[in-house]
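> would you be able to build a 3D model of this:
(chains A and B)
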Amino acid sequence: MSGIVATDTLPKPKRDVTPLLLPVALALLMLPLIGSMSSWVTLTVASLAMGMMIFIMASGLTLVFGLMDVLNFGHGAFIAVGAYVATLVLLPLASWAQADSLMTNLAVLIPAALLSMGVTGALGLVVERVLVLPVYGQHLKQILMTTGGLIVAEQTLYALFGPQIIPLPLPTALRGSFVMGDVAVSKYRLLAMLVGLAIFVAIELVLNRTKIGLLIRAGVENREMVEALGYRIRRLFLGVFITGSALAGLGGVMWGLYREQVHASLGDELTVLVFIVVIIGGLGSVTGCFIGAIMVAMVANYGGFLVPKLALVSNILLMVAVLMWRPRGLYAVTSR
Amino acid sequence: MMILSGDPPRSRALSIVLAVIVLALLATPFVFPGAKALNVAAKICIFAALVASYDLLLGYTGSVSFAHTMFYGIGSYAIAIALYGLGPNWTSVAVAVAAGLPIALLLALAIGLFSLRVEAIFFAMITLAVASAFLVLASQLSWLTGGEDGRSFQLPELLRPGTVFVGKEWFGFPINGRILTYYIVLSACALMILALLRVVNSPFGRVLQAIRENRFRAEALGYRTVFHLTYANCIAAVIAACAGMLNALWLRYAGPDTSLSFSIMLDILLMVVIGGMGTIYGAIIGAAIFILAQNYLQALMGAASLAAADAGLPLLPGLLHPDRWLLWLGLLFIASVYFFPTGVVGRLRNKPGAPG
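This is a model prediction of the structure:
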């Protein structure tokens, strides 16, 4: 019992920076392979933008799992619903969205995004109460119930909006790109990157600097202890679930605009992508999810440029490689 | 008792239901006229075996796999590619079996060793990812698989509908290669289900159940859980591939929609849950109920949708449209997981007064 005095600050946990360097290393490694500086910049910006959008969609899933050990197989449904709700605003107000003024464009885009988040958040509340609450702690049933939820949501979208692909054109002010020398950077990608970064910073700040964040992190580490201290972790969890659903909805809007089309199969497609990201990052880790999303997007973009055939399985290969190195993902949450 | 591996249905009602299903399947070619009835019966057989093999995973080890259709698809495509490429003869069938089963086995082994080490939830996610990659591959590599269109092929001479064994029709029912194929399918599926019963009632099956109940404890007792789970995964994969081969032989076609799509995976899940997880018998009942409903209720839905459209009701025609069949399936799925987690078999077995 020597040396440690109560007033000493706790020893700082060691920072694990290797995963942070991975995307940087990957990007630099690709530079000579791609050869041309301007294509490299374009591809890198595209990867970062795509990565941010995937991160927005995936962040809720990883937090929900980390906090309550609930894996929501229906997460993709929120993404699809978000995109569809945005079409409800953007298509009737197409004249505003196509007007040649940033202000009018934003005046329709921001309400559309907010409405999507509201609807998916409310849907998250319903899903948590109806599908997830009865099966807490039973993984098998959770997977089955939420898979059922995904199917029902997708089919309802088909029934309400029809099976056709709905075009969702970008607002005029976000079309085109900024050109610097021989490097062209698409405006929308830049916006997606900024929004994604802002959300990442916001999540990190809330998690690391607020009391709610403290409780969430504590809940991820040890749920029972937080409950024993008198906090209602169920309510906290409900909040996280709703936030995660709303973020998935926002991600859906952004993805729909990125692809400039919306289809009900969006949910299925992105569920797989989001799962891969969450697995790579380590279930429950937001930072891991962030890096995982960028890595997946980078592999998809660089791979698609260098070896187009490989792009079909590149995600799986990346996942295999990461799990060989760290079987629980880049940042494993220690208590599991 | 021997043939059932000492695991009888343990309920009079359940025995009767099973007997009725088996007898109906045996008699279909000579009792129910028409190609549709025979198709439905063959599909019930194939899915009963497929679902039973999935039950080995879901019901007995408690791990959710989304890659089961992948193995089913490997079997289907093996037959299709071999018969398409090498011509309609028995050698091609043998080549398909000799190539398809090891591929399924190795893939299952790799997935198992890779993802069963950690947590059940990892396994579910990784199988989903691998299966979706496989689906993309199968529809993209069109030089091999025929892409979205799939592959149609000719069967060996003996199995063709044109091959007539008995000159005149027997009570108005023809006896031809099609009937022979049906009985091959039926007996192969019966064999696979009996083999699965043998597996789950062996000491190995007991270990699987122990792992399902408490993996940590099973490991503490000295069982190598990863080995057991991977082994079960391989058995299930090989049987799924066999079922896929029978499916391709029956349909004379293999394509993404009939053998790989996500909706088939959902069908399998639903059949296991309706029939009763962890019973094997549940697979037969689940497959029978589900496929009968799928084939005969969908027509009813179409009629209801038209009626609702005629009556001028809003929204209902869209919701009742036969293409929205999956919507109701999903609702049924959630309801059955929630209200009847033990399925039909569990219900029948737990009835008061039932023996055992």
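
> pretty sure B:Tyr54 is in a helix, no?
Yes - according to DSSP: H, G, I helix; E, B strand; the rest coil, B:Tyr54 belongs to a helix.

> residues contacting it?
If you count contacts by Cβ atoms under 8 Å, 6 or more residues apart in numbering or on different chains, B:Tyr54 has them with B:65, B:68, B:236, B:240, B:268-269, B:272, B:283. From N, CA and C alone the C-beta is placed, and that goes for glycine too.

> quick one: pLDDT of the closest residue to B:Pro9 other than its chain neighbours?
Spatial nearest neighbour of B:Pro9, chain neighbours left out: B:Ser15 (4.5 Å); criterion: Cβ to Cβ, 6 or more residues apart in numbering or on different chains. Note on B:Ser15: pLDDT of 91.

> just for the stretch 1-150 of chain B, where's the confidence low?
B:1, B:118 (pLDDT under 70).

> for it, which segments count as strands?
Read by DSSP state E, counting those that start in this stretch, the stretch 1-150 of chain B holds no strands at all.

> residues of it that sit close to chain A?
By Cβ under 8 Å from any Cβ of the partner chain, the part of the stretch 1-150 of chain B that sits against chain A consists of B:58, B:62, B:64, B:114, B:117-122, B:124-126, B:128-130, B:132-133, B:136-137, B:140.

> report the buried members of these.
The neighbour count (16 or more other Cβ atoms under 10 Å in any protein chain shown) marks B:58, B:62, B:64, B:114, B:117-122, B:124-126, B:128-130, B:132-133, B:136-137 as buried among those.

> in helices, which of those fall?
Mapping these onto helices (DSSP state H) picks out B:114, B:120-122, B:124-126, B:128-130, B:132-133, B:136-137.

> stretch A:261-281 and chain B, any residue contact?
Yes - remark: stretch A:261-281 sits within contact range of chain B at A:268, A:271-272, A:275-276, A:278-279, by Cβ under 8 Å from any Cβ.

> scratch that, stretch A:313-331 is what I was asking about
Yes - using Cβ under 8 Å from any Cβ, stretch A:313-331 reaches chain B at A:313, A:315-316, A:319-320, A:323, A:327-328.

> coming back round to it: the residue nearest to B:Pro9 against B:Ile21, yeah?
No - counting by Cβ atoms under 8 Å, B:Ser15 does not reach B:Ile21; the two are 10.9 Å apart.

> neighbour count for those two, which is higher?
For B:Ser15 versus B:Ile21, neighbours defined as other Cβ atoms under 10 Å in any protein chain shown are more numerous around B:Ile21 (18 against 15).

> grab the nearest non-local neighbour of that one.
Excluding its sequence neighbours, the residue lying closest to B:Ile21 (Cβ to Cβ, 6+ apart) is B:Ala288, at 5.0 Å.

> does that neighbour count as helix, strand or coil?
Of the three states, B:Ala288 takes helix under three-state DSSP.

> ok, now A:Gly230?
At A:Gly230 the chain is in coil, as set by three-state DSSP.

> burial of it, as a residue count?
6.

> with A:Asp16 instead?
Quick note: A:Asp16 (other Cβ under 10 Å) scores 13 neighbours.

> which one is it nearest to, not counting chain neighbours?
A:Tyr331 (6.9 Å).

> which ones are touching the one you found?
With Cβ under 8 Å, 6+ apart, A:Tyr331 has these contacts: A:16, A:19, A:281-282, A:285, A:287-288.

> my read is it is in a helix, agree?
No - according to three-state DSSP, A:Tyr331 belongs to no helix; its state is coil.

> what does stretch B:265-273 contact?
Stretch B:265-273 is touched from outside by A:144, A:147, A:151, B:47, B:50-51, B:54-55, B:58-59, B:66, B:68-69, B:131, B:282-283, B:286-287, B:289-290, B:294, B:326, B:329-330, B:332-333, B:336-337, B:340-341, B:343, with contacts defined as Cβ under 8 Å, 6+ apart.

> ditto for stretch A:166-178
For stretch A:166-178, contacts defined as Cβ under 8 Å, 6+ apart pick out A:83-84, A:86-87, A:90-91, A:94, A:97-102, A:105-106, A:108-109, A:184-188, A:190-191, A:256-257, A:259-263.

> swap in stretch B:132-148?
Outside stretch B:132-148, the residues that touch it by Cβ under 8 Å, 6+ apart are A:272, A:312-313, A:315-316, B:67, B:70, B:73, B:77, B:80-81, B:84, B:149, B:151, B:254-256, B:260-262.

> please repeat the previous calculation with a cut-off of 6 Å.
By Cβ atoms under 6 Å, 6 or more residues apart in numbering or on different chains, the surrounding residues in contact with stretch B:132-148 are A:272, A:312-313, A:316, B:70, B:77, B:256, B:260.

> helices or strands next to the host helix or strand of B:Tyr183 in the packing?
Here B:Tyr183 is covered by helix B:177-200, with elements defined by DSSP states H and E. Helices and strands touching helix B:177-200, by 3 or more Cβ pairs under 6 Å, 6 or more residues apart in numbering or on different chains; DSSP states H and E, are helix B:35-55, helix B:225-251.

> now the shortest one: how far from the chain's centre is it?
The gap between where helix B:35-55 is centred and where its chain is centred comes out at 6 Å by Cα atoms, centre = their mean, to the nearest Å.

> brilliant, that's me finished.
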